[in-house]
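Enquirer: coords please:
(2 chains)
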Amino acid sequence: MAGFQEPPTKKQKTENRFLGSHMPVQQSPIRNGVGGGFNKGNNNHGKGSPFQKNAPGQNGFMNGNAKNTEHLKNIVKQRHALPIFPTRARLLEELKKNETVIVIGETGSGKTTQIPQYLHEERWDKKGGICVTQPRRVAAISVAKRVAEEMNVQIGGLVGYSVRFEECVSPGTKLKYVTDGMLLREAISDPLLSKYNWVILDEAHERTISTDVLFGIVKDAQKKRKQLEKDNLKVIVMSATMDVDHFSQYFNKAKVLYIEGRQHPVEMLYAREKQDDYVLSAMSTVFQIHKEAPAQHDILIFLTGQEEIDSVTHSIRQVAKDNSLAEFPRMRVLPLYAALPSTQQLDVFRVTAPGERKVIVSTNIAETSITIPGIKYVIDSGRAKISYTLEEFNAMEVNPVPEILRSNLASVILQLLAMGIKNILTFDFIDKPSPASIKQAVEQLTLLEAVVMKAGQLELTDLGKKMAQFPLEPRYSKVILSGPQYGCTDEVLSVIAMLSGESIYVNPSGKKEMAANVRRKFLSVEGDHVTMLKIFRAFRGSKENKMWCHENFLNHRNLKYALEVRKQLHQVCQRNNVTLVSCNQDMDALRRCLAAGLFTNIAELQLDGKYLSLDTRQECSIHPTSVLFGGKPAYILFTELVHTGKMYMHINSAMDAQWLFEVAPEYFRKRHIKKM
DNA sequence: TAGGGTTTT
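Expert: Below you'll find the model as predicted:
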């Protein structure tokens, strides 16, 4: 049983919250006299890495030269050094015997990169491929690339990946890394997942809504494939947490295998007590480490926000230039946050060159499952801001509420119905959402005319079937499918695409007023949606020019993203014979069309000057970033309500009461809307 | 007059 460890004790469960290792507290060069008051914890919840020391660069590994041979030897050596390696035989034995196996192993154990390779080495992927899900795009892409490199094949051949807008596969692809959302979408057209012999659901402990739904889908597919006497679907659930009973029970008491240890220990540092200036203190810690640790011992710092990260990255780079530091390793300082272009995000995975030190300044994007090569030190300074003592830190909630228990289920239910799952109430969720939240979602879908109740059974309408084809919330797909009726498919495609991404506005601190002035030319009294459309049209007119975006304080990346989403939505329209018509300058048509899908998001001006949302009867205010701020239209359609101290309507359009009666007469009669 | 962060189809 070499390599496997006994099931963990309760105590270990708590300590493993952050994928931590059980390594002993070790002597550290920064143990004494750490400048910024940072303290070494004994729950080392840092990140390890399977890709450490001497990991290869991207180039020169596929030419059959001496360097390449050396490189391949190195890879074999690294693979054999992974904690999972000694478990290989036993693991394969269990995988052969069992239909479903749960594998518990920390980040750094090698489970994500190795298990699929083991399966391939046994040729267990002859009949159907291996699909490995990841909650995040960067993870899917970077792991696929690493595995292709280990197998000495070109990415996109035997090993590929598939994430939204980026597919790198070929007919010969046997081993595919995908985002969980991608596999879920695939399941709508193929609920039996018939392309695959193996489905591996990785990072299951994160409990994303997609992974949670996939649990039920793979279980169902296993059952149905058996009934139809098709090849078995083998399932591996991989998780980093030790709290595994839940998974095992759910998968019919599936076998649980534990992989012990991580490859390299990581030092975890965090504030001993509240720091007045935690940023300064973090920086001071960085340089303390820098002066004492060998090159290639990389540092990861957690901070709270983008602005902070940019400024700290800049400061560290400045300080690093100082002559007094000339004798120490060169520093490569890299920011990391979600809004960064993915090429820059992938930069952090590049292995540190000899004589160099990588310092990554990150939001909590890197906190969960991303494995960054070379990290030896983690400075968790941001937490100091809200002042945790070690005890408080340890007492923080171990298992946060799964996403599925706190989300609107309309999309999920629409998707399940589209897969042919008849009874939502009996769907095998690992954690069943409350009947109230299911009821609420069904009500929304009913109002949108996506579903009807027939003989006590929920059924998709033709409209609902089309709605399920869109990678959108049902109310957004309803807007698009209403396009032809209002003569504005072209316009709603653009607006919905923009609503699907992040904000297109850039408001640099200190230049907020200037930004607002420059963008004034796009403003429309009709509201934010029309304003956004004007911007989108102007952006296309500029030939998607980066400089133009910069001058107008607009986010080029997010506008490009909207273009991509729009292209995809347009394709779905074409497949579903949705006519593409334009309303040109008739912005009333656009607003009425928005109401056709978003009529549950209406607020009415009251006599006291306040707004009341008609659906939930909540008091709400116009968000200060809205073009309607300061005005008092009788009715407002909002895209979402954001609760930050106050309830705010975010991204809004002024509405005419008449339109509301037109789009949803029944609904508004019940809501006692004031007659004109 | 708001403003923690993150993810995905």
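
Enquirer: Kindly report the residues of the stretch 201-350 of chain A close to DNA strand B.
Expert: Residues of the stretch 201-350 of chain A lying close to DNA strand B (Cβ under 7 Å from any atom of the strand) are A:304-307, A:337-339. C-beta: built from backbone N, CA, C; applies to glycine.

Enquirer: now the residues you listed in CSV, with secondary structure?
Expert: Formatted as CSV, these follow (DSSP: H, G, I helix; E, B strand; the rest coil):
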residue, secondary structure
A:304, coil
A:305, coil
A:306, helix
A:307, helix
A:337, coil
A:338, coil
A:339, coil
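
Enquirer: what residues does the stretch 451-600 of chain A put near DNA strand B?
Expert: Going by Cβ under 7 Å from any atom of the strand, the residues of the stretch 451-600 of chain A near DNA strand B are A:471-473, A:500, A:507, A:512.

Enquirer: Save the residues you listed as a markdown table, and put in pLDDT, neighbour count and secondary structure too.
Expert: Below are those laid out as a markdown table (pLDDT from 0 to 100; neighbours: other Cβ atoms under 10 Å; DSSP: H, G, I helix; E, B strand; the rest coil):
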| residue | pLDDT | neighbour count | secondary structure |
| --- | --- | --- | --- |
| A:471 | 95 | 16 | coil |
| A:472 | 96 | 23 | coil |
| A:473 | 95 | 20 | coil |
| A:500 | 94 | 18 | helix |
| A:507 | 87 | 16 | coil |
| A:512 | 85 | 12 | helix |
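
Enquirer: Report the buried members of the residues of the stretch 201-350 of chain A next to DNA strand B.
Expert: The neighbour-count test (16 or more other Cβ atoms under 10 Å) marks A:304, A:337 as buried among these.

Enquirer: from the residues of the stretch 201-350 of chain A next to DNA strand B, which single one is nearest DNA strand B?
Expert: The shortest approach to DNA strand B among these belongs to residue A:338, at 2.3 Å (Cβ to the nearest atom of the strand).

Enquirer: Would you reformat the residues of the stretch 201-350 of chain A next to DNA strand B as TSV and include pLDDT?
Expert: Compiled in TSV, these are given as follows (pLDDT from 0 to 100):
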residue	pLDDT
A:304	79
A:305	79
A:306	81
A:307	80
A:337	84
A:338	77
A:339	77
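
Enquirer: quick one: which of the residues of the stretch 201-350 of chain A next to DNA strand B is nearest to residue A:658?
Expert: Using Cβ to Cβ, residue A:339 is the member of these that sits closest to residue A:658, with 40.5 Å.

Enquirer: Quick one: residues contacting that closest one.
Expert: For residue A:339, the contacting residues are A:306, A:502, A:557, by Cβ atoms under 8 Å, 6 or more residues apart in numbering.

Enquirer: Residue A:557 now?
Expert: Residues in contact with residue A:557 (Cβ under 8 Å, 6+ apart) are A:339, A:341.

Enquirer: For the stretch 551-676 of chain A, which residue gets nearest to DNA strand B?
Expert: Closest residue of the stretch 551-676 of chain A to DNA strand B, Cβ to the nearest atom of the strand: residue A:644 (2.5 Å).

Enquirer: Quick one: neighbours of that residue, just the number.
Expert: Residues within reach of residue A:644, counting by other Cβ atoms under 10 Å, total 8.

Enquirer: Just confirm residue A:257 contacts residue A:94, I think it does.
Expert: Yes: between residue A:257 and residue A:94 a contact is recorded at 6.1 Å, counting by Cβ atoms under 8 Å.

Enquirer: So if I had to pick from these two, which one is more boxed in?
Expert: Each of residue A:257 and residue A:94 has its neighbours counted (other Cβ under 10 Å); residue A:257 has more, 24 against 16.

Enquirer: Am I right that the more buried one is in a strand?
Expert: Yes: counting by three-state DSSP, residue A:257 is found in a strand.

Enquirer: Across the sheet, point out what pairs with it.
Expert: residue A:103 (DSSP bridges).

Enquirer: again with residue A:160
Expert: When bridges are called by DSSP bridges, residue A:160 pairs up with residue A:176.

Enquirer: Quick check: which element contains residue A:413?
Expert: Here residue A:413 is covered by helix A:410-418, with elements defined by DSSP states H and E.
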